[in-house]
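[1] any chance you can model this:
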Amino acid sequence: MNVALVSGSDRRDNVRRALELVADEVRGAVSGKRLVMIKPNFVTCYRQLAATHVDAVRGVLDFIRPLVDGDIVIAEGAALGPTAMGYWRYGYRPLKREYGVRLANLNRGPTVSVEVEGAGGATRRVAVSKLALDADCRISVAMLKTHDTVVATMTYKNMAMGSVSGSLNKRRMHQGYAEINRSLSRMAPLLFPHVAIIDGMTGMEGNGPGSGTPVPMGVALAGTDFVAVDSVGARLMGIDPREMGYLWQCHEAGLGEARAEAIEVIGEEVAAHTRSFRKHPDHDRQVAHLRHSIGYGA
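    Okay, here's the model as predicted:
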């Protein structure tokens, strides 16, 4: 399984060059598709460090726009603040004119009820955007960030949680550390990204995903196996992918590859760009449940 890793000082160029290294796989994922959805990360509409930079999305569109005859929609459902404000504050509205795309709010519109994990072994249901479920190509453009419940967040977490519609449903996902990981992996067959992209120009450490501090990285990752891309991203942060319960569960379910020895990183060496991100203060509590499942830290 191939994951592209490039570095440089130009965010837009980094993303485009990463996609070019896995061009055949990406063309196969986007060509001929009726509806291509690009999902940035606006966990908050009030802090650019916590949100996908518009130039990363431009890098994606530079590559895929000539390949797509169908509809391209940039879609997000912000957790903190109105999504429309995020589009305005982060400079996304000009993309409509520049690339002929449209902007959508995943917190509004038709939804589908999806079963997830509740507390104490029970199940509960959340509303998920029908647009996200219906897209026949989903592209996640995420970042490298530590997280307050699942250790780290990258392409899959961005896609899944942003597609859960509205703040009430997003809160219903948070039933405990073990439960949110199982909920995310349970939703993966419905919401996985077909193309996974990480803009690692600047990461976030400590109190992520919204209030952490910056880590200069200057990299970009791309691939069509979201588990592999996120696993390489975790290693760049100095995080063992087994600490990310939902990601390892996706690996074990056969949805992608998380083992370093089975992933071919093309472009540049992971070791040349690895940093030791300061983890969230609750990190030890976040991974405690894994001792009873995959044996991590036992």
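
[2] for residue 198, see how far away the residue nearest the centre of the chain is.
    Centroid check for the chain by C-alpha atoms, centre = their mean gives residue 155 as the closest residue, at 1.8 Å. Applying C-beta to C-beta, to the nearest Å, the value for residue 155 to residue 198 is 6 Å. C-beta coordinates here come from the backbone N, C-alpha and C atoms, glycine included.

[3] and the strands in this structure?
    2-7, 35-39, 71-76, 102-105, 111-117, 123-129, 137-142, 145-147, 151-153, 195-205, 213-223, 264-267 (DSSP state E).

[4] would you list the ones you listed in a markdown table and tack on mean pLDDT?
    Output for the strands of the chain, formatted as a markdown table (pLDDT from 0 to 100):
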| stretch | mean pLDDT |
| --- | --- |
| strand 2-7 | 98 |
| strand 35-39 | 98 |
| strand 71-76 | 98 |
| strand 102-105 | 98 |
| strand 111-117 | 94 |
| strand 123-129 | 94 |
| strand 137-142 | 98 |
| strand 145-147 | 97 |
| strand 151-153 | 97 |
| strand 195-205 | 98 |
| strand 213-223 | 98 |
| strand 264-267 | 98 |
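
[5] quick one: these as CSV, columns for distance to residue 88 and mean neighbour count too.
    Formatted as CSV, those follow (distance: least, C-beta to C-beta, whole Å; neighbours: other C-beta atoms under 10 Å):
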stretch, distance to residue 88, mean neighbour count
strand 2-7, 30, 23
strand 35-39, 17, 25
strand 71-76, 12, 22
strand 102-105, 10, 16
strand 111-117, 24, 17
strand 123-129, 21, 18
strand 137-142, 18, 27
strand 145-147, 22, 26
strand 151-153, 24, 28
strand 195-205, 20, 27
strand 213-223, 23, 22
strand 264-267, 34, 16
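
[6] right, and those - which one's nearest residue 180?
    Using C-beta to C-beta as the measure, strand 111-117 is the one of these that comes nearest residue 180, at 7.6 Å.

[7] what helices or strands is that closest one leaning on?
    Applying 3 or more C-beta pairs under 8 Å, 6 or more residues apart in numbering; DSSP states H and E, one finds that strand 111-117 makes contact with strand 123-129, helix 130-134, helix 177-191.

[8] of these, flag the one that's most buried.
    The highest mean neighbour count among the helices and strands packed on strand 111-117, using mean count of other C-beta atoms under 10 Å, belongs to helix 177-191: a mean of 21.

[9] now do it, average pLDDT.
    Mean pLDDT, helix 177-191: 94.

[10] now do that helix against strand 137-142, angle only.
    140 degrees (axes from the mean of the first three to the mean of the last three C-alpha atoms, to 10 degrees).

[11] identify the contacts common to residue 155 and residue 198.
    Counting by C-beta atoms under 8 Å, 6 or more residues apart in numbering, the residues touching both residue 155 and residue 198 are 142, 229-230, 233.

[12] and those as JSON lines, adding distance to residue 188?
    Shown next, in JSON lines, are the shared contacts of residue 155 and residue 198 (distance: C-beta to C-beta, whole Å):
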{"residue": "142", "distance to residue 188": "15"}
{"residue": "229", "distance to residue 188": "14"}
{"residue": "230", "distance to residue 188": "11"}
{"residue": "233", "distance to residue 188": "16"}
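
[13] in helices, which of the residues you listed appear?
    Applying DSSP state H to the shared contacts of residue 155 and residue 198, the entries found in helices are 229-230, 233.

[14] which single one of those is nearest to residue 159?
    Looking across these and measuring by C-beta to C-beta, the closest to residue 159 is residue 230, at 10.6 Å.

[15] how deep is the closest residue in space to the closest one that isn't next to it in sequence tucked in, by neighbour count?
    Setting aside the residues directly before and after it, residue 230 is nearest to residue 154 in space (C-beta to C-beta, 6 or more residues apart in numbering), at 4.3 Å. Neighbour count for residue 154, taken as other C-beta atoms under 10 Å: 30.

[16] tell me which residues touch the closest residue to residue 132 other than its chain neighbours, please.
    For residue 132, ignoring the flanking residues on the chain, the nearest one in space by C-beta to C-beta, 6+ apart is residue 163 at 3.8 Å. Residues near residue 163 by C-beta under 8 Å, 6+ apart: 39, 77, 106, 128-129, 132-133, 191.

[17] I appreciate the help and will end here.
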